[in-house]
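K.L.:
here is a sequence with its predicted model. Questions after.
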Amino acid sequence: MFGKTKIAVALIGMFGLMAGAQAEAWSFGVISDTQWLNGADPTQNTVATGVIDLVNKQFIKAKVDLVVQVGDLTDVGNATSLQTRYNANADLTAAGIGFYSLRGNHEGSASNATSFKSIYNYTGAGYSSPNSDLTGLTYSFTHNNAKFVMFDQFTTSNSKTYTVNDQQSWISSQLSANDHQQAFFFSHKNLLG
């Protein structure tokens with residue numbers, strides 16, 4: 001079906017809290033880069049909507065609690081494409097499944113940081129970020145017994161870039177907080193390369 005194009009990796013993890021009696025299991029999905037274009041796959045505004053729709057149907061079928069996309073939401077990363085990718089989650093939203101993403105190198109510019117923050121809006125109650133430049137870009141949230149840390153390593157709206165060293169104190173505080181039993185850290189690119 002996808003020919004020689006890259007195939008988005010979609011993972012579904014099952015997690016439950018083991019404390020005394022076993023807690024009810026819950027799951028989340030992970031989808032990787034969906035930035036590619038292929039004439040055989042349905043796309044809209046440089047977003048691989050055909051592939052995303054297929055993967056979302058599997059997440060809904062698996063009854064995941066939430067989905068994490070680890071960047072490269074679009075091919076060109078402009079505001080129109082970011083909105084199209086957001087709109088592609090309508091079926092997830094209708095099924096009550098949360099969607100959490102971070103930017104990849106295809107969305108790494110300052111203007112895309114502004115658009116991403118406006119469209120996806122990972123701010124306010126329930127979210128934490130290292131500083132005002134990174135609000136809505138690098139963020140954390142908890143779900144059930146897990147902490148999710150989403151690490152942005154690209155240019156902010158203020159044309160700054162924050163490395164892992166710049167954010168390490170905040171990352172450590174999030175991972176050491178007593179509001180979770182397990183933690184998951186996501187970034188688009190490797191941290192050491």
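P.N.:
Okay, I see it. Residues are numbered from 1 along each chain as shown.
K.L.:
where do the helices sit along this structure?
P.N.:
Residue ranges of the helices in the chain, as given by DSSP state H, are 49-62, 79-87, 90-94, 110-120, 164-176.
K.L.:
out of these, which is closest to residue 156?
P.N.:
For these, the distance to residue 156 is smallest for helix 110-120, at 5.1 Å, taking C-beta to C-beta. (Glycine included, C-beta is placed from N, CA and C.)
K.L.:
who are the packing partners of the closest one?
P.N.:
Applying 3 or more C-beta pairs under 8 Å, 6 or more residues apart in numbering; DSSP states H and E, we find helix 110-120 packed against helix 79-87.
K.L.:
mind redoing it with 10 Å?
P.N.:
helix 79-87, strand 98-101 (3 or more C-beta pairs under 10 Å, 6 or more residues apart in numbering; DSSP states H and E).
K.L.:
give the buried residues for it.
P.N.:
Buried residues in helix 110-120, defined by neighbour count with 16 or more other C-beta atoms under 10 Å: 112, 113, 115, 116, 117, 119, 120.
K.L.:
to the chain's geometric centre, what's the distance from that helix?
P.N.:
Computed by C-alpha atoms, centre = their mean, to the nearest Å, the chain-centroid distance of helix 110-120 equals 14 Å.
K.L.:
next one: stretch 126-138
P.N.:
Distance, centroid of stretch 126-138 to centroid of chain: 14 Å (C-alpha atoms, centre = their mean).
K.L.:
for that stretch, buried residues please.
P.N.:
127, 128, 129, 130, 133, 134, 135, 136, 137, 138.
K.L.:
still on that earlier bit, now the buried residues of helix 110-120 as CSV including pLDDT and distance to residue 146?
P.N.:
As requested, those are exported to CSV (pLDDT from 0 to 100; distance: C-beta to C-beta, whole Å):
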residue, pLDDT, distance to residue 146
112, 97, 28
113, 97, 26
115, 97, 28
116, 97, 23
117, 97, 24
119, 97, 25
120, 96, 20
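K.L.:
nearest to residue 42, of those?
P.N.:
residue 119 (21.1 Å).
K.L.:
so the closest one sits right up against residue 77, yeah?
P.N.:
No: at 11.7 Å, residue 119 does not count as touching residue 77 under the criterion of C-beta atoms under 10 Å.
K.L.:
please enumerate the shared neighbours of those two.
P.N.:
Here residue 119 and residue 77 have residue 85 as joint contacts, going by C-beta atoms under 10 Å, 6 or more residues apart in numbering.
K.L.:
OK, contacts around the nearest residue to residue 156 once chain neighbours are set aside?
P.N.:
Nearest residue to residue 156 in three dimensions, chain neighbours excluded: residue 133, at 4.5 Å (C-beta to C-beta, 6 or more residues apart in numbering). Contacts for residue 133 (C-beta under 10 Å, 6+ apart) come out as 113, 152, 156, 157, 158, 159, 160, 161, 162, 166.
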